[in-house]
Structure formats: C-alpha cells, structure tokens
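A.B. asks: Quick one: sequence and predicted model below, then my questions.
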Amino acid sequence: MEQAIEKASALIEAMGYIRSFKDKIVVVKLGGSILDDMELQRKLLVDVAFMSIVGMRPILVHGGGKAITQAMNESGLEPVWVQGRRYTDERTLAIAEHVLVHKMNTPMCQILNSLGCRGMGLHSLSSCVVFAEPLRLAGEDGRKIDLGLVGEASEVNGELIKTLCQSGVIPVIAPIARAKTSGTKLNCNADTVAGKVAAAVQAEKFVALSDTHGILRDINDPESRISSVSEAEINEMIKDGIINKGMLPKVESCLVALEGGVKKAHIIDGRFPHSLLLEIYTDKGVGTQIIK
C-alpha cells in the first residue's frame, strides 16, 4: 500500500509539469554510452515515448562516434584526427553515413514506433534538415587546416521540424548535413547540431545526455555536482579549465541553444534510470541546469 501511495504522489507531482509542458518542444541529445548499449537506449526511448504520449513534443539528435571508429577499423581504415576532429574523406563519410543512418537512426525510430509513437528519421538519406559550411581549423602559422568533408552546422529547417512535432511525429536527427550551395554531404559534430536544432525550433528545454551526473566543480569528486549555473559562471569555468575535454562540447551546445532563445539547458547522466523524466517532471532534478 505504501509503495502504491508513493507512486500516486509521484503522479500528482508530475501533473503540474505535464500541464505546463503540454505542446512544448524539448530537444534531447543522445550520446556517450547510451549509443553503445541497446538495453539502455531502449529504456531511454521509453521515457521519450512517455513525454510524447503526455503531450510534450520531443526531438532527438544523436551522434555515433565510437561506432563509426569501430566500423572504420573493421574496414581496415585508420581514423585520422586533426585537433580532436576526425578527418573525413569520401570513404570515411560513406561509413559514417551508413552507421549513423542504418545502425543508429533507423533502429531508434523502430523502437519509438513499437512503443506506439511515430519516430521519423531526418538525415542525409531522407529529408535533410541541417545545413552546414565546410569547417576549416586555424593552424599555428595562420593557415586554414582542411578537414575534408567535415562541416560546421550553420542552418536548420526549424519550420519543417516544428510542423512534424505539431503533427505528433518525433523527429530523430542524424548529424550528416548538406552544404547549402553545393549540396555536398558533410559530417558534423552532433553536439553542435543539437544546440542549433534547439535554437531553430525555439525549444522550451535542451537536454544533453552525458556519462556524468552533470557538471562537477571538482572532476575527481562525484559529489561536487552543480545543480544550477548561469551562462556567465559557465564561461568562467571554461576559462579556469574546470570544464574541458569531453564536457566542453556538451556545454558549448547548451550555450548555443541558450543564445538562440532556449529557456533552459540541462546536462544529465543518461545511464541513470529515468534521469530524463526526473529532470523534467520533478522538483529536484538529477543533473546540471544552465540558465541564461
């Protein structure tokens, strides 16, 4: 009986949030170990399906870096890294596209459909909603470093995505973009794409799923999680080196979303059961919230 009462209390607590988030768009970026563990991924997609069924409008953006590297190794290709970015030639792009679309995107849509939702893959082999410019990095001598078919997301077809959301579809976006002028396919950073998508659709929330419990003040102390932080404080932490390496792209994607008008961004641990629902539908939350 006590357990049943607890469940009822949780539903009552969630009711206010369900009402306030009805018809609101939430962009969720999937990455890290969630993409390597199908059981974990399915559990997370159940949470996304719940969001959709109670009236929220979720959008998924996913990466797939580890799986791309593994597929390259199996094909006898050695990944080449330039300032932390994967150099992408035609063959590498073909492998990346195959992995992102057929190994990641399509199964996610199938799982959502099996849960009674309508997942739709938006990528370079269907309706492409992300456009990019070729990315060139600055070298030490001032020259631009060519990364091949790597792009910097520059534009998102937010109107199409919003129309799909309003019709009850859950867009699932892979980070292969098209160059606006030439139509060339370009491999983009999924974190950046997710931030740009959130800004383009004026999402209520942007949630980046990570392999840590949000932002830690001390990287060696898991108890030092910061529950809420401002954009100004984030910039100070980046300058001081507290935020670096793997956390930096996630934080930068949150800042891109906030700059574009998104009200709140969150970094949470996707391995934690129902972390997505707990962050959105409860008072306490489980990760780090970043506000303007």
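C.D. replies: The structure has been received and is ready for your questions. Numbers count the residues shown, from 1 in each chain.

A.B. asks: buried sites along stretch 30-49?
C.D. replies: Going by neighbour count (16 or more other CB atoms under 10 Å), the buried part of stretch 30-49 is 30-32, 34-35, 40-41, 43-45, 47-49. Where C-beta positions appear, they are placed from N, C-alpha and C, glycine not excepted.

A.B. asks: quick one: residue 62 and residue 252, what's the gap?
C.D. replies: Between residue 62 and residue 252 the distance is 18 Å, computed by CB to CB, to the nearest Å.

A.B. asks: and these two? which has more neighbours close in?
C.D. replies: Between residue 62 and residue 252, counted using other CB atoms under 10 Å, the more crowded position is residue 62 (24 against 17).

A.B. asks: Return the residues in contact with the closest residue to that one other than its chain neighbours.
C.D. replies: The shortest distance from residue 62 to any non-neighbouring residue, by CB to CB, 6 or more residues apart in numbering, is to residue 30 (4.3 Å). By CB atoms under 8 Å, 6 or more residues apart in numbering, the residues touching residue 30 are 41, 44, 60, 61, 62, 63, 108, 209, 270.

A.B. asks: same check, this time on residue 147
C.D. replies: Contacts of residue 147 (CB under 8 Å, 6+ apart): 82, 85, 86, 87, 88, 134, 135, 136, 137.

A.B. asks: can you do 6 Å?
C.D. replies: Neighbour list for residue 147: 82, 85, 87, 135 [criterion: CB atoms under 6 Å, 6 or more residues apart in numbering].

A.B. asks: pLDDT on whichever helix or strand residue 234 is part of, on average?
C.D. replies: Assigned by DSSP states H and E, residue 234 belongs to helix 231-239. The pLDDT scores in helix 231-239 average 90.

A.B. asks: in that helix, what's buried?
C.D. replies: Those would be 234, 237, 238, for helix 231-239 by 16+ other CB under 10 Å.

A.B. asks: how far away is the last one from residue 145?
C.D. replies: So the one you mean is residue 238. 23 Å.

A.B. asks: Please apply the same query to the first one.
C.D. replies: Taking CB to CB as the criterion, residue 234 is separated from residue 145 by 27 Å.

A.B. asks: got it, and the second one?
C.D. replies: In this structure, residue 237 lies at 28 Å from residue 145, with CB to CB as the measure.

A.B. asks: so where do the strands sit in this structure?
C.D. replies: Listed in chain order, the strands of the chain (DSSP state E) span 25-30, 57-62, 81-82, 85-86, 118-122, 130-138, 144-156, 169-173, 176-179, 185-188, 205-210, 228-230, 264-269, 288-291.

A.B. asks: Now these in TSV, please, with extra columns for distance to residue 278.
C.D. replies: Conversion of the strands of the chain to TSV gives the following (distance: least, CB to CB, whole Å):
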stretch	distance to residue 278
strand 25-30	14
strand 57-62	15
strand 81-82	36
strand 85-86	34
strand 118-122	23
strand 130-138	29
strand 144-156	28
strand 169-173	20
strand 176-179	32
strand 185-188	30
strand 205-210	11
strand 228-230	15
strand 264-269	8
strand 288-291	12
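
A.B. asks: closest to residue 10 out of these?
C.D. replies: Of all the strands of the chain, strand 264-269 sits nearest to residue 10, with 18.1 Å by CB to CB.

A.B. asks: between the closest one and strand 25-30, how big is the angle?
C.D. replies: 30 degrees (axes from the mean of the first three to the mean of the last three CA atoms, to 10 degrees).

A.B. asks: returning to that earlier point: pLDDT-wise, what's the bottom of the contacts of residue 30?
C.D. replies: Ranked by pLDDT, those bottom out at residue 270 (88).

A.B. asks: pretty sure that residue contacts residue 209?
C.D. replies: Yes - the pair residue 270 and residue 209 qualifies as a contact (CB atoms under 6 Å) at a distance of 3.3 Å.

A.B. asks: Residues that sit against both of these two, list them.
C.D. replies: residue 34.

A.B. asks: Name the pair among the buried residues of stretch 30-49 with the greatest separation in space.
C.D. replies: 32 and 49 (20.5 Å).

A.B. asks: The stretch 1-150 of the chain: helices as residue ranges?
C.D. replies: According to DSSP state H, counting those that start in this stretch, the stretch 1-150 of the chain carries its helices in the segments 2-20, 38-53, 65-74, 90-98, 106-114.

A.B. asks: how about those, which one is nearest residue 179?
C.D. replies: Smallest distance to residue 179 across those (CB to CB): 12.3 Å, for helix 90-98.

A.B. asks: contacting residues around residue 80?
C.D. replies: Residue 80 touches residue 87, counting by CB under 6 Å, 6+ apart.
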